[in-house]
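Trainee: Got a sequence here, can you build the structure:
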Amino acid sequence: MRKSESVSTTEEEEEEEKATLTPTSPFQGTPVSEAEEAGKEEIVSSPGGHRAVLMKPRRDREEEYEAFYATGLQEKPSKGEVLLWFLYELCSYLVHTVLIPILFPLLISQIFSPPPVPPQGWEKTSKGVACTQMQMQLFEGLTYPSIKVRSSSFSPLEFTSISWAAGLILAAPILGAISGCLDDGNNQQLIAAAATAVGAVFCLPVGFFKTTWVFPVYIAAIVAASTVAVACHTRHLGLMVQAFVGSTIRKSKFPDRRALAGWLTLYATAAGCFGSAIIATFTYHMLGHTERFLSLWVVSIFSGLIISAGTIHSLAANIPAANTDSPPSSIPKSHFTSIFRYPHAAGSLAAVFFASFATMCIFTGGVLHLLGQLCLKPVNILYLWLTYFIFPLISLPLVQPLQ
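Mentor: Sure, this is the predicted structure:
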């Protein structure tokens with residue numbers, strides 16, 4: 001009888017011990033116990049490779065977090081690192097908002113002689129609205145199919161769009177090849193700096209050859225390099241959020257992680273809009289010169305110099321590898337498609353797609369309609385663009401508390 005009682009007691013003690021122990025490995029999404037959620041416990045290692053949960057004041061727990069970061073395993077980003085992350089957005093946001101959709105079509109349109117006189121003449125739009133010859137020639141130069149490719153004809157805007165798509169197609173296999181290196185390799189900073197530098201370099205020689213056939217090379221290279229650099233930049237965002245919040249958190253704290261990521265993204269977007277506003281204003285100023293092609297080439301060179309400043313973030317930021325024990329060659333080929341296993345991540349991709357569509361299609365199409373159909377003055381077009389870029393500087397920080 002006593003033997004059975006001692007066995008029962010031993011089993012109860014083992015069950016109580018299991019109930020008070022949680023698995024270790026804070027970097028692998030370990031669930032957090034209810035005692036941990038109360039914020040009053042201490043985690044100590046047991047000989048069996050487990051963590052024991054003991055009660056401890058919250059202040060001591062905060063000191064433990066500081067000690068954990070001090071070990072170098074997961075260092076909190078400094079203010080300088082966060083500002084450098086904003087600097088990259090300031091230097092790169094202009095690529096997809098001004099450089100590709102505005103500057104390059106204007107450059108390509110200056111290669112050809114003025115388009116033929118439209119049926120309504122140069123003094124009116126197709127809707128009969130009075131307009132100036134300079135403004136109508138600018139609009140017709142962007143939309144007239146002056147580029148001949150065998151039996152097909154394309155306008156500078158269409159030619160730029162096709163080159164843009166070619167750049168995205170080129171970036172797809174590159175991202176698939178380096179996705180493992182970005183997650184588990186040691187060359188994230190080198191990849192980000194190289195991609196940023198390549199995009200900047202291809203902005204410099206666009207005026208050397210005054211022919212349309214070199215522009216698809218420039219545009220595709222800039223788009224592919226920018227896409228790779230943005231992937232590295234976004235991964236760094238995830239590392240910063242993990243360093244601030246922790247890789248192992250309870251489910252109730254996920255809104256805090258989302259709010260922090262939203263805060264960083266909103267301010268980075270505001271900084272990028274400021275950079276785009278500067279380049280848009282510079283482009284408008286240079287369009288007033290007699291030699292437009294050379295003037296716009298100067299804008300492209302200036303844009304390349306601004307983009308190159310983004311390499312400062314890549315070289316100076318602390319971007320640790322997530323898992324240095326697993327070589328990049330061991331990553332499966334389907335690694336870059338693993339995002340679709342997470343519904344929230346796939347939903348974010350859909351949101352980015354529709355936001356980009358609204359920016360590059362709806363807004364740009366509306367601006368073209370105002371320019372060529374309603375003959376809105378160019379200076380008012382500039383004010384419209386500046387409103388589009390500067391409004392987020394005010395609105396985004398204001399809506400951040402609502403997240």
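Trainee: Which strands or helices does the lengthiest helix in the chain pack on?
Mentor: Ranked by number of residues, the top helix in the chain under DSSP state H is helix 254-287. Applying 3 or more Cβ pairs under 8 Å, 6 or more residues apart in numbering; DSSP states H and E, one finds that helix 254-287 makes contact with helix 79-92, helix 94, helix 215-245, helix 292-308, helix 378-399. (C-beta placed from N, C-alpha, C; glycine too.)
Trainee: now the angle between helix 378-399 and that helix, please.
Mentor: Calculated by axes from the mean of the first three to the mean of the last three Cα atoms, to 10 degrees, helix 254-287 forms an angle of 160 degrees with helix 378-399.
Trainee: re earlier: could you save the helices and strands packed on helix 254-287 as a markdown table and add columns showing mean neighbour count and mean pLDDT?
Mentor: Putting these into a markdown table (neighbours: other Cβ atoms under 10 Å; pLDDT from 0 to 100) gives the following:
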| stretch | mean neighbour count | mean pLDDT |
| --- | --- | --- |
| helix 79-92 | 19 | 89 |
| helix 94 | 26 | 92 |
| helix 215-245 | 20 | 87 |
| helix 292-308 | 19 | 94 |
| helix 378-399 | 15 | 85 |
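Trainee: Ok, which of those helices comes nearest Pro173?
Mentor: helix 215-245 (9.8 Å; Cβ to Cβ).
Trainee: returning to that earlier point: ok, and for the longest helix of the chain, which residues are buried?
Mentor: In terms of neighbour count (16 or more other Cβ atoms under 10 Å), helix 254-287 has its buried residues at 257, 259-280, 282-284, 286-287.
Trainee: What of stretch 115-122?
Mentor: Buried residues in stretch 115-122, defined by neighbour count with 16+ other Cβ under 10 Å: 115, 118.
Trainee: Could you pull up the mean pLDDT of it?
Mentor: Averaging pLDDT along stretch 115-122 gives 87.
Trainee: Ends of it, what's the gap?
Mentor: End-to-end span of stretch 115-122 (Cα to Cα, to the nearest Å): 11 Å.
Trainee: just the angle between the longest helix of the chain and helix 292-308, please?
Mentor: 150 degrees.
Trainee: quick check: mean pLDDT across helix 254-287?
Mentor: Per-region confidence: helix 254-287 scores 86 on mean pLDDT.
Trainee: Ramachandran coordinates for Phe209?
Mentor: Here is the backbone geometry of Phe209 (degrees, to the nearest 10): phi -120, psi 110.
Trainee: give me every residue that touches it.
Mentor: Applying Cβ atoms under 8 Å, 6 or more residues apart in numbering to Phe209 gives no contacts.
Trainee: Which pLDDT value does the model give it?
Mentor: pLDDT at Phe209 comes out at 86.
Trainee: Please report the distance of it from Pro114.
Mentor: 21 Å (Cβ to Cβ, to the nearest Å).
Trainee: Over to Ser179?
Mentor: 47 Å.
Trainee: swap in Ile301?
Mentor: As judged by Cβ to Cβ, Ile301 and Pro114 stand 26 Å apart.
Trainee: What of Met360?
Mentor: Distance from Met360 to Pro114, by Cβ to Cβ: 27 Å.
Trainee: go on, Ala220?
Mentor: 28 Å.
Trainee: Could you do Met286 as well?
Mentor: Taking Cβ to Cβ, one finds Met286 at 19 Å from Pro114.
Trainee: show me the contacts for Leu382.
Mentor: Leu382 makes contacts with 280-281, 284, as judged by Cβ under 8 Å, 6+ apart.
Trainee: Identify the residue spatially nearest to the residue nearest to the spatial centre of the chain, adjacent ones excluded.
Mentor: In the chain, the residue lying closest to the centroid (Cα atoms, centre = their mean) is Val230, at 4.4 Å. The spatially closest residue to Val230, leaving aside those adjacent along the chain, is Ser92, at 7.1 Å (Cβ to Cβ, 6 or more residues apart in numbering).
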